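> this one's sequence-less:
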């Protein structure tokens, strides 16, 4: 039990502060059913750290398989969907897993803002409220309403360093924190999108491209490379203040309404 707890600590630490990529795409049909494709992958160096830690703790234990069908099935249970299939993702830079799920009623599924790395942590550790969905099907079109998770504070990304005060000491401290954050978050990318089976008639979403809507996308390399973006992020009073920040795509309305048809 002590080994499992220690492994969980380092696992969550690596996945939330390393080269981690997570994409979740919801594909919705006009009857309210659909599929979800989710890809999670971590950098080779971070993965090597996890396996090295495991072998040091217990030389006889097999290397932990953090991306697997077993993990995907657990994720399906937490989302209220059915696991369909999956396969490993492996390249010279990253290793992970691609899973496909299906659902019959989008109003029953639960997708968290942090579905990627947090899906590997126990459910009790997932404090981010999920997206809420309501759906109605008309004679000519279907209507999906998404209740966005309540973001009461502008700090949508806890741990992000501010630009600091006006003194030299404050500026130096902020610069040091930013440099550390760039190193920790290098290559980290998160995306949650929705694609409808048909054409979007109208929507109040910020980022619509064809039949696809981006609900949340964070490219940490772009975000942390732009000092002006960091200042805007720090000074944002509400979600609308986060619009058009390089490296960040986020819905600025509390509810997203999407009308679509075949």
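Arrived safely, thanks for sending. Small disclaimer: the values here were computed from a predicted structure and weren't measured.

> Okay, strands next: where are they in the protein?
For the chain, the strands defined by DSSP state E cover 20-28, 34-43, 82-90, 94-103, 132-137, 142-147, 189-196, 199-203, 208-209, 212-219, 248-250, 255-261.

> Tell me which other helices or strands the last one touches.
What that stands for is strand 255-261. With contacts taken as 3 or more CB pairs under 8 Å, 6 or more residues apart in numbering; DSSP states H and E, strand 255-261 sits against strand 142-147, strand 189-196, strand 199-203, strand 212-219. All C-beta spots, glycine's among them, are computed from the backbone N, C-alpha and C.

> which one of the ones you listed lies closest to residue 102?
Judged by CB to CB, the one of those that comes nearest to residue 102 is strand 189-196, at 14.6 Å.

> rank the strands of the chain by mean pLDDT and give me the bottom one.
Ranked on mean pLDDT, the bottom entry among the strands of the chain is strand 248-250, at a mean of 88.

> That one: partners in the sheet, and parallel or antiparallel?
If you go by DSSP bridges, strand 248-250 pairs up with strand 212-219 (antiparallel).

> Okay, buried residues for the strand it pairs with please.
Within strand 212-219, the residues that count as buried by 16 or more other CB atoms under 10 Å are 213, 214, 215, 216, 217, 218, 219.

> before we move on, back to that, just the helices and strands packed on strand 255-261: most buried one?
Neighbour counts (mean count of other CB atoms under 10 Å) averaged over each of the helices and strands packed on strand 255-261 peak at strand 189-196, with a mean of 21.

> what's the angle from it to strand 255-261?
Counting by axes from the mean of the first three to the mean of the last three CA atoms, to 10 degrees, strand 189-196 lies at 40 degrees to strand 255-261.

> still on that earlier bit, distance to residue 242 for the strands of the chain - can I get that in JSON lines?
Below are the strands of the chain laid out as JSON lines (distance: least, CB to CB, whole Å):
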{"stretch": "strand 20-28", "distance to residue 242": "19"}
{"stretch": "strand 34-43", "distance to residue 242": "24"}
{"stretch": "strand 82-90", "distance to residue 242": "30"}
{"stretch": "strand 94-103", "distance to residue 242": "28"}
{"stretch": "strand 132-137", "distance to residue 242": "20"}
{"stretch": "strand 142-147", "distance to residue 242": "17"}
{"stretch": "strand 189-196", "distance to residue 242": "14"}
{"stretch": "strand 199-203", "distance to residue 242": "19"}
{"stretch": "strand 208-209", "distance to residue 242": "17"}
{"stretch": "strand 212-219", "distance to residue 242": "11"}
{"stretch": "strand 248-250", "distance to residue 242": "5"}
{"stretch": "strand 255-261", "distance to residue 242": "15"}
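
> Between those, which one is closest to residue 68.
strand 94-103 (6.5 Å).

> Can you list the strands that that closest one pairs with?
If you go by DSSP bridges, strand 94-103 pairs up with strand 34-43 (antiparallel), strand 82-90 (antiparallel).

> Comparing those, which comes out most buried?
Comparing the strands paired with strand 94-103 by mean neighbour count (mean count of other CB under 10 Å), strand 34-43 ranks first with a mean of 22.

> and the gap between the spatially closest residue to residue 145 that is not a sequence neighbour and residue 259?
Spatially, and ignoring its direct neighbours in sequence, residue 145 is nearest to residue 134 (4.6 Å; CB to CB, 6 or more residues apart in numbering). As judged by CB to CB, to the nearest Å, residue 134 and residue 259 stand 13 Å apart.

> which of these two has more neighbours?
residue 259 (16 against 13; other CB atoms under 10 Å).

> want to throw the helices and strands packed on strand 255-261 into TSV with distance to residue 93?
Shown next, in TSV, are these (distance: least, CB to CB, whole Å):
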stretch	distance to residue 93
strand 142-147	33
strand 189-196	12
strand 199-203	34
strand 212-219	16
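
> between these, which one is nearest to residue 230?
Closest approach to residue 230 among the helices and strands packed on strand 255-261 (CB to CB): strand 212-219, 13.1 Å.
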